[in-house]
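J.: Pasted the sequence and its predicted model underneath.
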Amino acid sequence: MVNVDMLKKFGLGWKMHTLLLLRHAKSDWSVPVGDHKRPLNKRGSRDAPVMAKRVKKRGYRPDMILSSSALRAVQTAEAFAKALKSEPLFDDRLYDAHENTIIDLIHAMEEEIKDLMLVGHNPTWESVVEYLTGERIVMPTCSMVQIAFDCHWKELKATEGKIVYFDYPKKEL
């Protein structure tokens, strides 16, 4: 859902889209499984619903939640989908993806999708944020950054995005 106050704050127009990049919550390295099947640990299972409530409180309602197929990302996406009353979609391309893969995926989004949430992994998310905004940020587990654009998805270019907010579990509100 596009926030009109946000449009005014950034001087953005009718074409505005927002992208919320969500890094999966803390995973459990003690479980003897491969990387793709690693679940959330206790902290991750606690942080994901808390962060989902924070994004809901901000009034953000994505038109689509698209998540990596890795178990830790799936569990994180499901916590957010539950809080936001949405159904997540899962895509293998978001697992172990290169920045260019993510940018190509964004360029291919349908225009009807104004607000997109992608759930995935570092270091890719930090690289994508830097590419889209020109800003470097460190994204701890279960952190999220919302970026606004005043262009169609297919027209998205480097450093044209503006960070609307950045949040993470240990951030004091």
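T.: Yep, it's here.
J.: any idea how far K114 lies from L19?
T.: In this structure, K114 lies at 10 Å from L19, with CB to CB, to the nearest Å as the measure. From N, CA and C alone the C-beta is placed, and that goes for glycine too.
J.: which one of these two has more residues nearby?
T.: Neighbour totals were compared for K114 and L19, and L19 leads with 24 against 16 (other CB atoms under 10 Å).
J.: Any idea what that one is bridged to?
T.: Partner residues in beta bridges with L19, using DSSP bridges, are L116, I147.
J.: ok, it - contacts?
T.: 106, 116-118, 132, 146-147, 149, 161 (CB atoms under 8 Å, 6 or more residues apart in numbering).
J.: Of those, which is the nearest to P62?
T.: Nearest to P62 among these, counting by CB to CB, is M117 at 4.0 Å.
J.: The longest helix along the chain: what's the following helix or strand?
T.: Longest helix in the chain by number of residues (criterion: DSSP state H): helix 42-57. Beyond helix 42-57 on the C-terminal side, the first helix or strand identified by DSSP states H and E is strand 64-68.
J.: avg pLDDT for the longest helix of the chain?
T.: When the per-residue pLDDT values of helix 42-57 are averaged, the result is 97.
J.: what's the offset of that helix from the middle of its chain?
T.: Mean-position distance between helix 42-57 and its chain equals 13 Å (CA atoms, centre = their mean, to the nearest Å).
J.: can you count the residues close to the residue nearest to D92 when sequence neighbours are not counted?
T.: In space, and not counting its chain neighbours, D92 is closest to S69: 4.9 Å by CB to CB, 6 or more residues apart in numbering. Neighbouring residues of S69 were enumerated by other CB under 10 Å; the total is 14.
J.: Hmm, L94 and S69 touching each other?
T.: Yes: using CB atoms under 8 Å, S69 is in contact with L94, at 7.2 Å.
J.: so is the residue lying farthest from the centre of the chain in a helix, a strand, or just coil?
T.: Using CA atoms, centre = their mean, the residue of the chain lying farthest from its centre is P32. It sits 27.5 Å away. The three-state label for P32, taken from DSSP: H, G, I helix; E, B strand; the rest coil, comes out as coil.
J.: which element is the most centrally placed residue in the chain on?
T.: Averaging the C-alpha coordinates of the chain gives a centre point, and the residue nearest to it by CA atoms, centre = their mean is L21 (2.0 Å). Of the helices and strands defined by DSSP H and E, L21 is found in strand 17-23.
J.: Averaged pLDDT, stretch 143-162. What do you get?
T.: Looking at stretch 143-162 alone, the average pLDDT works out to 95.
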